[in-house]
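Undergrad: with the sequence up front, the predicted model follows.
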Amino acid sequence: MNLSQTLDAEAPGTIEADLLISGATVITMDGERRVIEDGAIAVAGDRIAAVGKRRDLEPLVRAARVIDGRRFVATPGFVDAHIHITGDPLTRGFQRGAKEDSWGDKLQKWVIPIFKAQTAPDERLAAQCAALAMIQGGTTCFVEAGTILQLDAVAEGLAETGIRGRIGQWVEGRAYDPSADQAALSREGIAILESEVERYPDAGGEARLAAWPLLVGHSTNSDDIWRAAKAIADDKDLRVSAHMSPRASDPEWFLAKYNRRPLEHLADIGAMGHRVMLTHLANIDRSEFDILVSSGAGAVHCPHAALQGGFGVSKLGLFPEMLDAGINLALGSDGISADILASGRLMASLFRDARADQFIFPATSVLEMATLKGAAAMGLSHLIGSLEAGKKADIVLHDTHLAEWGGPLFDVVEQLAFSAPSRGVHSVWIDGVQVLDVGRAILFDEDALLAAAREAGRAVIARTGLPNRTPWPLI
Ligand SMILES: [Zn+2]
C-alpha cells in the first residue's frame, strides 16, 4: 500500500492542504531546533499549514497531493544574503585583467566595462541564470548586491523563475571629480532609490520580489545618499545593504576623507542601525566591531569572495567573534558559488584552522546562518527561515540516497552541513509553488535559458572589445 492510498482511505481531515510531504526527516529550525524523524509538512496555498510527526499529521490532513518523503531531509529554503545576479553569470570565465593590473585597474578597465556592456535582455538572462543556480543549490531567497543596471527587465525575468528576493538598481552618487555637481548626483541617486521602492513594494515582507534601497557601498555613495537610503528603510521597514571594507582600501579612503573609519563615519551620519546590513567587513577594527554590536546592524560574510579575493580574513576577519557578540552574521555567495552550504563549510573550515579550534562554527551554526540568520538579516524572520505553521512554504528536499550522505542519518545536521552535496537538492518550493523537481527547474526551460545565456555572454564580451586572456594557449 502506498502513502497516497493510505491517505485516501482516511476520513475527511481537519486540515485542507495542497501538499503533504510525508515521512521526511524535517529539520525545522524552530525555536527548539526540533528535528523530526518520520515527519510531515502540510502546505496550503503559500503557507506551511502544519509540521509534525507523520503519524500525527496524516490523520488530520486532507491533501490534494502527497509526496513520499522517506528518502529526503526537509529544510527551510536557504538565504543568500549577498549576491550579484547580473554581469558574472553570462561572462564568468572571462579573465578580468592581467596579473600585473592593480585591483583598481581590474575594476575600472575590465570589470565595470564588461558590466556596463550588458543590455536589458542580457541582465534579464543573467538574473534568471543566477536564480536557477540558487534554486538548484536550495537557496529560495536572496539579497541582491545593488548592482543591477536595468531593474525592470531583471524583475520581470526573476518573476518567471519563482524565486524570492530583494533587488536594487545601481546607485552611485559620489562626485570623485571635484568639478562634478555632488548635490545633483545625490539627488539622482536618491530619486532612483525612491522610485524603485515605490515600483516594487515590499508589502511588509509579503512580496516575493521587491526593491530595497541597496547601495554599492565602499566609497561610492555620498552621505546624502546613505542617509536617504536609511530613511527609506526606516520609513518602510526595509533594509539597506552595502559592501564595506573587504580590503584596506575602504578604511584608507574614509580615513583620508573624514579622518574616521568607514563604520565610524556611517554611525556619525546616522546611517547605521538594525535596518542596515554590511557585506564583507574583513578589514574592521575593534571600534567598528563595537559599532556593529551597539547599532544592531547585520554582517554578511561571503567566504568564497573573501578567500578567492585574498581579503586576509584568516588573519583579520572577526567573524567567529561576531557570532559570539550576538551580531547577526549571515552568509552570502557574492555570486561566486550559489551553494550556500558550501560557503558555510568553507567559513567553518577556515576559521577552525585560523584559530586552531575545531569547535568554531559547528554544523548547527552553519545551518542557522544559512536559514534563520539570513531571514533575520532581511527582517523576514516572521515569514521565512524555519519550517513552522504559518510561515511561507519555502521548502527544500535533500535526497539522502547519495554516497556523500554516508549511510544512516546519525546526525542529520552535521551530515547536511558538512557532507551533503548540493546536487542532492531534489525538490524546492517557494511560496508553496514547486520550482524544482528532481534537480530540474519546472517553471521554465532551463536548457533554453542556458543556451541563450551562452550566446548572450559571447555578445557582451564582443561589444567590449576586450581580449580573452587565458593562462594556457587556447588552440
Ligand atoms: Zn558583492
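TA: Great, that's in hand.

Undergrad: return the residues of this structure in contact with the ion.
TA: Residues of the chain found near the ion (Cβ under 5 Å from the ion) are 145, 334. (Glycine included, C-beta is placed from N, CA and C.)

Undergrad: tell me where the longest strand sits in the chain.
TA: In the chain, with assignment by DSSP state E, the single longest strand is strand 15-27.

Undergrad: in the stretch 201-350 of the chain, where is pLDDT below threshold?
TA: Within the stretch 201-350 of the chain, no range satisfies pLDDT under 70.

Undergrad: tell me which stretches of it form helices.
TA: Under the criterion DSSP state H, counting those that start in this stretch, helices of the stretch 201-350 of the chain are mapped to 223-236, 249-258, 262-268, 286-295, 303-308, 313-316, 319-324, 340-354.

Undergrad: okay, the angle between the first one and helix 249-258?
TA: Put simply, helix 223-236 runs at 110 degrees to helix 249-258, going by axes from the mean of the first three to the mean of the last three Cα atoms, to 10 degrees.

Undergrad: and the helices of the stretch 201-350 of the chain as CSV, adding mean neighbour count and distance to residue 197?
TA: Shown next, in CSV, are the helices of the stretch 201-350 of the chain (neighbours: other Cβ atoms under 10 Å; distance: least, Cβ to Cβ, whole Å):
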stretch, mean neighbour count, distance to residue 197
helix 223-236, 20, 6
helix 249-258, 16, 26
helix 262-268, 22, 20
helix 286-295, 17, 22
helix 303-308, 21, 27
helix 313-316, 16, 32
helix 319-324, 18, 28
helix 340-354, 21, 26
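
Undergrad: just send those back as CSV, with distance to residue 378 too.
TA: Shown next, in CSV, are the helices of the stretch 201-350 of the chain (distance: least, Cβ to Cβ, whole Å):
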stretch, distance to residue 378
helix 223-236, 12
helix 249-258, 23
helix 262-268, 19
helix 286-295, 17
helix 303-308, 19
helix 313-316, 23
helix 319-324, 17
helix 340-354, 14
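
Undergrad: so what's whatever residue of the stretch 251-400 of the chain ends up closest to the ion up against?
TA: Nearest residue of the stretch 251-400 of the chain to the ion, counting by Cβ to the ion: residue 334, 4.5 Å away. By Cβ atoms under 8 Å, 6 or more residues apart in numbering, residue 334 lies in contact with 82, 83, 84, 145, 279, 302, 304, 305.

Undergrad: quick one: the closest residue in space to residue 284 that isn't next to it in sequence from the ion, how far?
TA: Leaving aside its chain neighbours, residue 284 sits nearest to residue 245 (5.7 Å; criterion: Cβ to Cβ, 6 or more residues apart in numbering). When distance is defined by Cβ to the ion, to the nearest Å, residue 245 is 12 Å away from the ion.

Undergrad: let me see the contact set for residue 245.
TA: Neighbouring residues of residue 245 by Cβ under 8 Å, 6+ apart: 251, 262, 263, 280, 281, 282, 283, 284, 288.

Undergrad: at 6 Å what do you get?
TA: Counting by Cβ atoms under 6 Å, 6 or more residues apart in numbering, residue 245 makes contact with 251, 262, 280, 281, 283, 284.

Undergrad: neighbours around residue 90, how many?
TA: Neighbours of residue 90 under the rule other Cβ atoms under 10 Å: 26.

Undergrad: you'd agree residue 435 is in a helix?
TA: No: counting by DSSP: H, G, I helix; E, B strand; the rest coil, residue 435 is located in no helix; its state is strand.

Undergrad: hmm, it is touching residue 163, no?
TA: No: contact status for residue 435 versus residue 163: not in contact, 7.3 Å apart, counting by Cβ atoms under 6 Å.

Undergrad: quick one: which of these two has more around it?
TA: Remark: of residue 435 and residue 163, residue 163 carries more neighbours, 28 against 23, as counted by other Cβ under 10 Å.

Undergrad: who wins for neighbours among the contacts of residue 334?
TA: Counting neighbours by other Cβ under 10 Å, residue 302 leads the contacts of residue 334 with 32 neighbours.

Undergrad: so how far is residue 263 from that one?
TA: 18 Å (Cβ to Cβ, to the nearest Å).

Undergrad: now do residue 52
TA: Where residue 263 is concerned, residue 52 sits at a distance of 44 Å (Cβ to Cβ).

Undergrad: try residue 140
TA: 30 Å.

Undergrad: before we move on, the earlier item: and the contacts of residue 245, which two are furthest apart?
TA: Greatest spatial distance in the contacts of residue 245: 251 and 280, 11.8 Å, computed using Cβ to Cβ.

Undergrad: quick one: residue 211 and residue 197 touch, right?
TA: Yes: using Cβ under 6 Å, residue 211 makes contact with residue 197 at a distance of 5.3 Å.

Undergrad: dig out what the residue minimising distance to the centre of the chain forms beta bridges with.
TA: Centroid-nearest residue in the chain: residue 80, 1.5 Å away (criterion: Cα atoms, centre = their mean). Using DSSP bridges, the bridge partners assigned to residue 80 are residue 142.
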